[in-house]
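# what shape does this take:
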Amino acid sequence: MKNISKLLVLLFSLIGCISCQESETEKAILKSEVTANDLLPLSATSFVLSEEKSEENFDSLTWTPTDYGFQSAVNYTVQFDVEGNAFATPINLANTFELTSGFTVGNINKSLLEKGVAGGTAVNVEFRVVSLINEEVAEVYSSVEKVEITPYAPSVLSPLYINGDDQGWNFDTSLDFNVLGIGEFELIGTFTNGSYFRFFEEKSWEASQLGYGDFEVVDANLTEAGDGDDNFIFSGTTGVYTMTVSYATKTITMTAASTPELYIVGDQNGWSFDAVTWLGGGKYEGTVTITNGQIFRFFTVDGDWGSQQYNYTYFMDGTLSDNLTGTTEGDANFTYVGADGTYKYTVDLYSKSFIIQE
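So this is what the prediction gives:
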């Protein structure tokens, strides 16, 4: 009998504790209608950007918190778009859990140019803040602030690189795009079926990165990895392809291509055609035995004097090692002006770099 009494006392105690806990716990209830928060006005209504201030802060945007009816960590995304586009293709400038954010002059200038706004041309843009607490809850859009911005034409166009399985996730072997224009890129490279990769705007893990979700039209050879890094998977047949990327249209296209060829032809080999090893993109490397004063140039088809040529004129505005000079007249050959010997050399047709490493 005593044991039964003890059990009853214990049972009622447990029920009492559970009741206390339930009464002390507040349930999070989402408001049926979440009101848009307010983006506060910027510090000015008109901005003229300059390259000298590209690393400086453009402005600080501040907004009121979004009220969901309960305390929650809200992920805020700052967006902008050209006025009249109704945020159809917005640019994400920043993500934060705070109520304020800034970004550099260079960042917003780059984004405007990639939207097709010409340097020196004033354009009206709109800013807004997108609030998100959960993928199951609809996004909330703040009020919109409008300003006029005049971007600058950069002296150097921004680059783009591929890093992934085919490059060993090593920036020393990344595929470098040929920059065709602002936000327009092209390269030729080897892609392996099943390989993962993504784009980097600098050769650094801290650089801005672009993945599958950043594009609206993606070539059928590419599929979404669905991983945390938003990687691409190359799902086509292993081989050499030309890839083009457009920021303006948010598109990626790929077409099958032949392996590029390059030949060094000159005094050092009796004007025969010696193949240079293709590394991917516009990069090549080779070894040459050469003496001071010898002249030469590059061709793209073995034994074909009428094929495309790369000579001193092509590289003269790029990067040349100190042991190379040349002429712009006639065949515009290179002239080697170093110590006699056998040396490794590297060529990059995209960046117009040619280095003989003594």
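# only C-alpha atoms from now on, for both contacts and neighbour counts.
OK.
# can you pull the domain assignment for this protein?
46-150, 161-256, 263-357 (automatic domain parsing).
# mean neighbour count and distance to Val34 for those - can I get that in CSV?
Formatted as CSV, those follow (neighbours: other CA atoms under 10 Å; distance: least, CA to CA, whole Å):
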stretch, mean neighbour count, distance to Val34
domain 46-150, 17, 6
domain 161-256, 18, 27
domain 263-357, 17, 50
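# on the three-state scheme, Glu261 is what?
State at Glu261, reduced to three classes by DSSP: H, G, I helix; E, B strand; the rest coil: coil.
# and the gap between the closest residue to it other than its chain neighbours and Thr319?
Excluding the flanking residues, the one nearest Glu261 by CA to CA, 6 or more residues apart in numbering is Thr300, at 5.4 Å. Thr300 sits 20 Å away from Thr319, going by CA to CA, to the nearest Å.
# hmm, back to that, Gln308 is in contact with the residue nearest to Glu261, correct?
Yes: if you go by CA atoms under 8 Å, Thr300 and Gln308 touch, sitting 5.6 Å apart.
# by residue count, what's the longest strand in this protein?
strand 123-132 (DSSP state E).
# pretty sure Ser111 is in a helix, no?
Yes: counting by three-state DSSP, Ser111 is part of a helix.
# nearest spatial neighbour of it, chain-adjacent residues omitted?
Closest to Ser111 by CA to CA, 6+ apart is Ile91, at 7.1 Å.
# cool, and Leu210?
What sits nearest to Leu210 in space, not counting adjacent residues and going by CA to CA, 6+ apart, is Phe199, at 5.0 Å.
# do the same with Glu201
Counting by CA to CA, 6+ apart, Glu201 lies nearest to Leu160, which is 4.7 Å off, once chain neighbours are set aside.
# burial measure for that neighbour, as a count.
The tally of other residues near Leu160 (other CA atoms under 10 Å) stands at 23.
# looking at it, it is touching Arg198, isn't it?
No: applying CA under 8 Å as the test, Leu160 and Arg198 come out as separate, 10.4 Å apart.
# pLDDT wise, what is Lys27 at?
We have a pLDDT of 55 for Lys27.
# related to what we said a few turns ago, isn't the residue nearest to Ser111 up against Asn85?
No: look at Ile91 against Asn85 with CA under 8 Å: they stay out of range, at 11.7 Å.
# CA atoms only: put stretch 348-358 into PDB for me.
C-alpha atoms of stretch 348-358 as PDB (Å, rounded to 0.1, in the frame of the first residue of the first chain):
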ATOM      1  CA  ASP A 348      49.200  33.100 -72.300                       C
ATOM      2  CA  LEU A 349      47.300  34.200 -75.300                       C
ATOM      3  CA  TYR A 350      44.500  35.600 -73.200                       C
ATOM      4  CA  SER A 351      46.600  37.900 -71.000                       C
ATOM      5  CA  LYS A 352      49.200  38.400 -73.800                       C
ATOM      6  CA  SER A 353      52.000  37.200 -71.600                       C
ATOM      7  CA  PHE A 354      55.200  35.500 -72.900                       C
ATOM      8  CA  ILE A 355      58.000  34.700 -70.500                       C
ATOM      9  CA  ILE A 356      61.300  32.900 -71.200                       C
ATOM     10  CA  GLN A 357      62.600  31.800 -67.800                       C
ATOM     11  CA  GLU A 358      66.400  32.000 -67.800                       C
END
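# average pLDDT across it?
Stretch 348-358 comes out with an average pLDDT of 96.
# residues in contact with stretch 315-324?
With contact meaning CA atoms under 8 Å, 6 or more residues apart in numbering, stretch 315-324 is reached by 334-338, 351-357.
# good, we can wrap up now.
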